[in-house]
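>>> Curious how this folds, go ahead:
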Amino acid sequence: MYIHVGNNKNVRDKDIIAVLDLDTATLSKTTREFLAVADEEGFVETICNDIPKAAVICELGHNSRILLCPVASSTIKKRYLD
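Below you'll find the predicted structure:
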């Protein structure tokens, strides 16, 4: 099954490793550092034009990616569980 994570981007549910709420996750220094390093190394893909609400850590093929999404993490969770 595929999960819509915003802006016509779908990810297979099996490929999702974690979904982070960026409002709360970025309060942690460790998470901010993780996202900064991932961005520097080219693993982050922004799929929204506005401020992202969630980060979806996923395995796309043989590459790990972090998708910064316009959809709230709670919405992605509901789509995953349905």
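>>> residues in contact with the residue lying closest to residue 2 once chain neighbours are set aside?
The shortest distance from residue 2 to any non-neighbouring residue, by Cβ to Cβ, 6 or more residues apart in numbering, is to residue 10 (4.1 Å). (Glycine included, C-beta is placed from N, CA and C.) Counting by Cβ atoms under 8 Å, 6 or more residues apart in numbering, residue 10 makes contact with 2, 3, 4.
>>> what's the closest of these to residue 28?
Relative to residue 28, the closest of those is residue 3; by Cβ to Cβ it sits at 24.6 Å.
>>> neighbours around that closest one, how many?
21 (other Cβ atoms under 10 Å).
>>> Kindly report the same for the one 3 residues further on.
If you count neighbours by other Cβ under 10 Å, residue 6 ends up with 20.
>>> With residue 66 instead?
Neighbourhood size, residue 66 [other Cβ under 10 Å]: 20.
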